[in-house]
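> Predicted model and sequence below, questions to follow.
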Amino acid sequence: MRLRTPDRRFVIPAKAGIQGFLSLFLASSAFAADYAGPLFDAHLHYNVEAFNGAEGPHPIPDVLGRMQRSGVRAIISNSRPNDGTRSLAQSPLTAQAGVTVVPFVRLYRNRADYTNWFRDDTIYDMVQAELARGTAAGPYRGIGEFHLYDSANAKGPVALKLMVLAEEKDLAVLAHVDDTAVDLLMAHTPSKGAKLRLIWAHTGIGGPPAARVDQMMARYPRLMGELSYRPGLTCEGGKLCPEWRALILKYPGRFLVGSDTWVNQRWQAYEDTMKAYRTWLGDLPADVARRVAWDNGASLFGLKQP
Ligand SMILES: [Zn+2]
């Protein structure tokens, strides 16, 4: 006689008894366990509202505590203004918390810059000055996050100059744009996008279908997809939806996770956000989970294993 559950993998001889059940139960829950390794947060802002010049509501020890409790060991930091990133980079507490800062130049000095940066030459000058200045954690490694609410603005003169600069200096670009704007930004680099390391924030927040994301990944070999706020990513129980699971398995080296702490509420939810990532990462093969969680980001910027 055999005991049988609906899943044929769990067909076991009755004589295995309670111990057999127990070990199968443990094995199946281990399979579904949350990812427990290090995380690379590829989309972090430490904006002025978080610390208000010094103290609060989320001073450096507070945000580092949230990262530490979440197992976040490296961050792409980009902040409005860039002082937030510089202060994280230079604080001795950051190294003590075991967090590596990968600094990006944010294009915004203030909120007005969100809708004008792509045609404002003073933004280009500010980027040049920041790149020359660097941070205590080393030179800037990228540009962004920037937004294009109207994809046609990807053709703005400053947007074009910045893409050329990024490709020439091998700076990554963190872009919150739609798929049309990705095509436009890529088209205007000297390599027509073959060499531009573009990290696509939210992998398209407007939610282009997985098939379209697949097309973009195939077309641009250095395109990376960051997955915060991505519509349609997770289904029941916080697990990956089938088409996204298939996409990540098809391109295991091309996706990243991020917190997007664009407002203080996101800091308050930081640990929950990371916990949610760990849930769906745990449903992937262990090596793929590790790549999306850590290795992909770490290898982009040559970080050591934590
Ligand atoms: Zn953001």
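Arrived safely, thanks for sending.
> Going along the chain, name the strands of the stretch 1-150 of the chain.
Under the criterion DSSP state E, counting those that start in this stretch, the stretch 1-150 of the chain contains strands at 2-3, 12-13, 39-44, 72-77, 100-105, 142-147.
> Tell me the spatial nearest neighbour of Ala33, not counting adjacent residues.
Residue nearest to Ala33 in three dimensions, not counting chain neighbours: Gly282, with 5.3 Å by CB to CB, 6 or more residues apart in numbering. Where you see a C-beta, it was placed from the backbone N, CA and C, and this is true even at glycine.
> That neighbour contacts Tyr35, doesn't it?
Yes - at 4.7 Å, Gly282 and Tyr35 qualify as touching, with contact defined as CB atoms under 8 Å.
> tell me the contacts of Gly138?
Ala89, Pro103 (CB atoms under 8 Å, 6 or more residues apart in numbering).
> Which pLDDT value goes with it?
Per-residue confidence (pLDDT) for Gly138: 94.
> now it, which residues is it bridged with?
With DSSP bridges applied, Gly138 shows beta-bridge pairing to Thr135.
> Kindly provide the distance from the residue of the stretch 51-200 of the chain at minimum distance from the ion to His202.
Using CB to the ion, the point where the stretch 51-200 of the chain gets nearest to the ion is Glu145, with a distance of 4.6 Å. When CB to CB, to the nearest Å is applied, the distance between Glu145 and His202 equals 10 Å.
> what about the residue nearest to Ala33, how many neighbours?
19 (other CB atoms under 10 Å).
> Look up how far Trp200 lies from the nearest residue to Leu174 once chain neighbours are set aside.
Across the structure, with CB to CB, 6+ apart as the measure, the residue nearest Leu174 apart from its sequence neighbours is Gly144 (3.2 Å). Gly144 sits 10 Å away from Trp200, taking CB to CB as the criterion.
> Phe255 now?
10 Å.
> And for Pro139?
Distance of Pro139 to Trp200, computed by CB to CB: 23 Å.
> Tell me which of those two has more neighbours.
Trp200 (30 against 12).
> nearest to Glu243, of the strands of the stretch 1-150 of the chain?
Taking CB to CB as the measure, the strands of the stretch 1-150 of the chain were each checked against Glu243, and strand 39-44 came out nearest at 21.8 Å.
> what about the nearest residue to Thr115 once chain neighbours are set aside, how many neighbours?
The shortest distance from Thr115 to any non-neighbouring residue, by CB to CB, 6+ apart, is to Tyr149 (7.0 Å). The criterion is other CB under 10 Å. On that basis, Tyr149 has 11 neighbouring residues.
> what do you get for the one 5 residues further on?
One way to gauge burial is a neighbour count; for Ala154, by other CB under 10 Å, it gives 23.
> Spatially, and excluding backbone neighbours, which residue is closest to it.
Leu184 (3.7 Å).
> That neighbour reaches Gly156, doesn't it?
No - with contact defined as CB under 8 Å, Leu184 does not reach Gly156; the gap is 9.9 Å.
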